[in-house]
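Student: quick check, what structure comes out for this input:
(one chain, ligands or ions: 2)
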Amino acid sequence: MNKDNVKLAIAPIGWTNDDMPDLGKENTFQQIVSEMALAGFTGSEVGSKYPRDPAVLKPMLDIRGLQICNAWFSTFFAQGDKAKTIDEFTNHMNFLHAMGARVIGCSEQSKSIQGTTLAVLEEKPYFSDEEWRLTAEGYNELAKIAAAKGMQVCLHHHMGTGIQTTEEVDRFMALTNNDVFLLYDTGHAYYSEGSQEKMLALLTKYLPRINHVHLKDVRDEIVAQVRREKLSFLDGVKKGTFTVPGDGVIDFKPVFKILDDYGYKGWMVVEAEQDPALANPFEYAVKARRYIRETAGL
Ligand SMILES: O=C1C[C@@H](O)[C@H](O)[C@@H](O)C1=O
Ligand SMILES: [Co+2]
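Tutor: Ligands and ions are numbered 1, 2, ... in the order given. Coordinates of the predicted model:
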């Protein structure tokens, strides 16, 4: 891939999982960011252990050659919480802007079961026409607020949410304006659609509107167990649904080629949450970095 176009980051979720703070609670902020840099990454997303004051956080990242490229933001438009969402979004955006990030990765969390004990493959929520209208209206507004700051909003399609499947992403993209982008996550696309082919089709379809990429690999045998035992999203994660690129079932070579051929400019973020007691985060970060060097030439 073209090194002038693409930068490589890693998310702290492999070290400490903000969805299940007990996973990796022993790992400190300084250890996390030092190991990211040592493994050869130049960017990071933001985790709950990171200082929230840019004046404190920025020098601690600068000294390690790391840059913040994004931080997760939960929206609640479908359930009618527009004013609160926009208020909190504005604070979040200002923090990211001060950190030098230009992308704000959001997920519509109304009715989401991603943090619950419900069976992720059987009990995902669906939006009514009115909930779709409220969501699209909200995201169109976020995009305007972000543009005024020179930033862009993207939607993270996610297991257990109302915007998970290809059809749901299609509906979201059709209802929103072209300045609302997509955060393409390989792991969630594969998990939801069940095949490499469908995962790649989603990527190809929305290339002009993808402005941020999460690189997550999947273990098929754990997805089969999640289906068989009707497990929740988080129970699956604890058992090892996800791993780093090169360690699971996804072939990332076509992912890199499609992005490169299109001339994708932006960040690719290794994001592979698993139990750090079972999968040492530094070892897996090094493994991911090596795989990306070998297959993407980055
Ligand atoms: O981008 C993400 C953030 C996490 O909190 C989430 O659960 C994970 O699966 C993901 O893709
Ligand atoms: Co992701």
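Student: so which bits of the host helix or strand of Leu61 are buried?
Tutor: Using DSSP states H and E, Leu61 sits in helix 54-62. For helix 54-62, burial by neighbour count (16 or more other Cβ atoms under 10 Å) applies to Pro54, Leu57, Lys58, Leu61. In this view, the C-beta of every residue, glycine as well, is placed from N, C-alpha and C.
Student: residue contacts, Gln67?
Tutor: Counting by Cβ atoms under 8 Å, 6 or more residues apart in numbering, Gln67 makes contact with Lys7, Ala9, Thr42, Gly43, Ser44, Leu61, Gly100, Ala101.
Student: hmm, try it at 7 Å
Tutor: Thr42, Gly43, Leu61, Gly100 (Cβ atoms under 7 Å, 6 or more residues apart in numbering).
Student: please apply the same query to Asn94.
Tutor: Listed by Cβ under 7 Å, 6+ apart, Asn94 has no contact partners.
Student: run through the strands of the stretch 151-298 of the chain in chain order.
Tutor: For the stretch 151-298 of the chain, the strands defined by DSSP state E, counting those that start in this stretch cover 152-156, 180-185, 210-215, 217-218, 242-243, 266-270.
Student: how about these in TSV, adding mean neighbour count?
Tutor: Formatted as TSV, the strands of the stretch 151-298 of the chain follow (neighbours: other Cβ atoms under 10 Å):
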stretch	mean neighbour count
strand 152-156	23
strand 180-185	25
strand 210-215	23
strand 217-218	24
strand 242-243	24
strand 266-270	25
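Student: could you save the ones you listed as JSON lines and add columns showing distance to Phe76?
Tutor: Formatted as JSON lines, those follow (distance: least, Cβ to Cβ, whole Å):
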{"stretch": "strand 152-156", "distance to Phe76": "14"}
{"stretch": "strand 180-185", "distance to Phe76": "17"}
{"stretch": "strand 210-215", "distance to Phe76": "21"}
{"stretch": "strand 217-218", "distance to Phe76": "28"}
{"stretch": "strand 242-243", "distance to Phe76": "25"}
{"stretch": "strand 266-270", "distance to Phe76": "24"}
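Student: now the ones you listed as TSV including distance to ligand 2 and mean pLDDT?
Tutor: Formatted as TSV, the strands of the stretch 151-298 of the chain follow (distance: least, Cβ to the ion, whole Å; pLDDT from 0 to 100):
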stretch	distance to ligand 2	mean pLDDT
strand 152-156	6	99
strand 180-185	4	99
strand 210-215	4	99
strand 217-218	12	99
strand 242-243	9	98
strand 266-270	8	98
